[in-house]
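Engineer: structure of the sequence below:
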Amino acid sequence: MPGTALQLEGERLGMLTVLKRCGTRIYSSSKKALWLCLCDCGKTIETTSSCLKRKVRPTRSCGCLQIQKTKVANTTHGMKRLPEYRVWSGMKNRCLNIKSKDYERYGALGITVCEEWLEFTNFFADMGRRPSTKHSLERINNSNNYCLENCVWADSFTQSNNRFSNHFISFNNQTLSLSQWERELLLPKGILSKRISKGWGHTRALTTPVNKQFSNKRFA
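Structural biologist: Predicted structure coming up:
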């Protein structure tokens, strides 16, 4: 059985060997330890401890195990006419197909699809039917991949209102949303959004004092 979060390093899980802890992923209501793993095929992936340890469809390869299963499933499950299938196909296309017009904004930036969702039946079992034709697949954290922990069905209004909270910054081995960084650093609400909109880099936006009285002791 997989060990605890502190004991995963060096473990052999299916085709994966856990190399080391490589950070933390922040979801809407929780933090997950992030691990760098080496697959038997030679590729490396970053995945969370929860994906490695869960009992149902745990991550056990970089995705190569699912390739053949996906080819079979795509021709036998009889669900290609569902709108959710088109959403799933579009998700894979922009992340995995270098010829896609959207690849530059997804796959080229390192955004990919978790191993389980390379098979449509797993994606459909996790996400279910979309609530309406106005709903689309949205990542909670736009810096992270397509997986159950990071995806919801959201309408355009919800997506628009979530843009600020979904802007994440990674700094000092920690990834938080703008609002979370403001609470962490005791910054005025909305100041990070203003700074970034002016073209400030993330480090400058986080570490520049608001005024002479402000002292950022965390990064001193």
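
Engineer: after the least confident helix or strand in the chain by mean pLDDT, next one along is what?
Structural biologist: Among the helices and strands of the chain, helix 156-161 carries the lowest confidence by mean pLDDT, DSSP states H and E, at a mean of 56. Using DSSP states H and E, the helix or strand that directly follows helix 156-161 along the chain is strand 168-171.

Engineer: mean confidence for that following strand?
Structural biologist: The predicted model assigns strand 168-171 a mean pLDDT of 80.

Engineer: contacts for it, please.
Structural biologist: 23, 26, 141-143, 175-178, 181, 192, 202-203, 205-206 (Cβ atoms under 8 Å, 6 or more residues apart in numbering). Where C-beta positions appear, they are placed from N, C-alpha and C, glycine not excepted.

Engineer: chain center to the following helix or strand past it: distance?
Structural biologist: Using DSSP H and E, the helix or strand that follows strand 168-171 in sequence is strand 174-177. Chain-centre distance of strand 174-177: 12 Å, with Cα atoms, centre = their mean, to the nearest Å.

Engineer: packing partners for strand 174-177?
Structural biologist: strand 16-26, strand 168-171 (3 or more Cβ pairs under 8 Å, 6 or more residues apart in numbering; DSSP states H and E).

Engineer: strand partners (parallel or antiparallel) of the shortest one?
Structural biologist: When you say that, I think you mean strand 168-171. With DSSP bridges as the test, strand 168-171 is paired with strand 174-177 (antiparallel).

Engineer: mind listing what's buried in the next helix or strand after the partner strand?
Structural biologist: Counting by DSSP H and E, the next helix or strand C-terminal to strand 174-177 is helix 178-185. Neighbour counts over helix 178-185 (16 or more other Cβ atoms under 10 Å) mark 178-182, 185 as buried.

Engineer: following the helix or strand where Ile196 lies, which helix or strand shows up next?
Structural biologist: Counting by DSSP H and E, the element that carries Ile196 is helix 191-197. Counting by DSSP H and E, the next helix or strand C-terminal to helix 191-197 is helix 202-207.

Engineer: and that following helix, how far from the chain's centre?
Structural biologist: Distance of helix 202-207 from the chain centroid (Cα atoms, centre = their mean) equals 23 Å.
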